[in-house]
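> Please find the sequence and the predicted model below.
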Amino acid sequence: MRIVLLGPPGAGKGTQARRLAERYGVANISTGDILRDHVARGTDLGRLAKDFMDRGDYVPDDVMVRMVMERLQEPDARDGFILDGFPRIVPQSQALEDALADIGRPLSAVLKFKIDDEVAVKRLAGRWTCPACKRTYNMEFKPPRVDRVCDHDGTELLRRGDDDEVTVRRRLDVYRRETAPLEFFFWERGLLREVDAEGTEDEVTARTIEAIADLVDLSS
Ligand code: AMP
């Protein structure tokens, strides 16, 4: 199973990617998480990416394509993957399509998570993330049991630097301008399904699985 998740920031892609990867036993590949890890470790890539990420802009394309192509060659991605945050622009989509065609393993589905901008802003403005397991909390709708501590592994929660309201609105604009056109790219290929991403995590997971079943034969 090779799946791409599309949708604006705050649509819940990371949460659903983690759930789907566990359910189907495939790799969970989040380009934002990989980049944040590079920033935290102070690598060359991290130093290059940081300013773009802080502003809510996209990191240059050549770097991103190389990073994802390398990640897709790791053993855990061979049986499938959930891609969260890539592709984000048409040339990345084309590069992904070409690379998968070369190995005879095309995408199975592209799911577009649909959410109202104001709901996304509210979700992200209150979001706290566990740096270890990447689970997210929201101080208003889904607080952790202990203040600022992950329920799952006890790690101290952090706020992402790009989750302040001004940067979130910029990220939503960049998404609309740069990434929304990918919907047509994948729709043309018969791969796109839309998922209503409002509601509880369980509700969205159920809708996502239904959308996948529409395109992928899950019995085999
Ligand atoms: P995310 O965690 O998906 O919200 O990504 C956080 C930030 O990482 C984005 O705002 C971009 O600056 C950068 N980023 C992640 N994926 C990509 C990509 N495919 N292309 C360019 N920049 C990316």
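Cool, got the structure. Just so we're clear, the structure is a prediction, and the values are computed from it rather than from any experiment. Numbering: from 1, shown residues only.
> Could you list the low-pLDDT ranges of this protein?
219-220 (pLDDT under 70).
> Looking at it, which helix is longest?
helix 201-215 (DSSP state H).
> what's the closest non-adjacent residue to whatever residue of the chain ends up closest to the ligand?
When scored by CB to the nearest ligand atom, the chain has residue 32 as its residue closest to the ligand, at 1.9 Å. Heads up, the C-betas are built off the backbone N, CA and C, glycines and all. Spatial nearest neighbour of residue 32, chain neighbours left out: residue 85 (4.7 Å); criterion: CB to CB, 6 or more residues apart in numbering.
> so how many other residues sit close to that neighbour?
Residues near residue 85, counting by other CB atoms under 10 Å, number 22.
> Residue 93 versus that one, what's the distance?
Remark: distance between residue 85 and residue 93 (CB to CB, to the nearest Å) = 13 Å.
> for residue 33, same thing?
According to CB to CB, residue 33 and residue 93 sit 20 Å apart.
> who has more neighbours, these two?
Counting neighbours by other CB under 10 Å for residue 33 and for residue 93 shows that residue 93 has the greater number, 22 against 17.
> hang on, that one in a helix?
Yes - using DSSP: H, G, I helix; E, B strand; the rest coil, the secondary structure at residue 93 is a helix.
> which ones are touching it?
Remark: with contacts taken as CB atoms under 8 Å, 6 or more residues apart in numbering, residue 93 is in contact with 87, 182, 185-186.
> Could you export the residues you listed to JSON lines, including columns for neighbour count, secondary structure and distance to residue 203?
Listed next are the contacts of residue 93 as JSON lines, based on neighbours: other CB atoms under 10 Å; DSSP: H, G, I helix; E, B strand; the rest coil; distance: CB to CB, whole Å:
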{"residue": "87", "neighbour count": "25", "secondary structure": "coil", "distance to residue 203": "27"}
{"residue": "182", "neighbour count": "20", "secondary structure": "helix", "distance to residue 203": "25"}
{"residue": "185", "neighbour count": "18", "secondary structure": "helix", "distance to residue 203": "28"}
{"residue": "186", "neighbour count": "21", "secondary structure": "helix", "distance to residue 203": "24"}
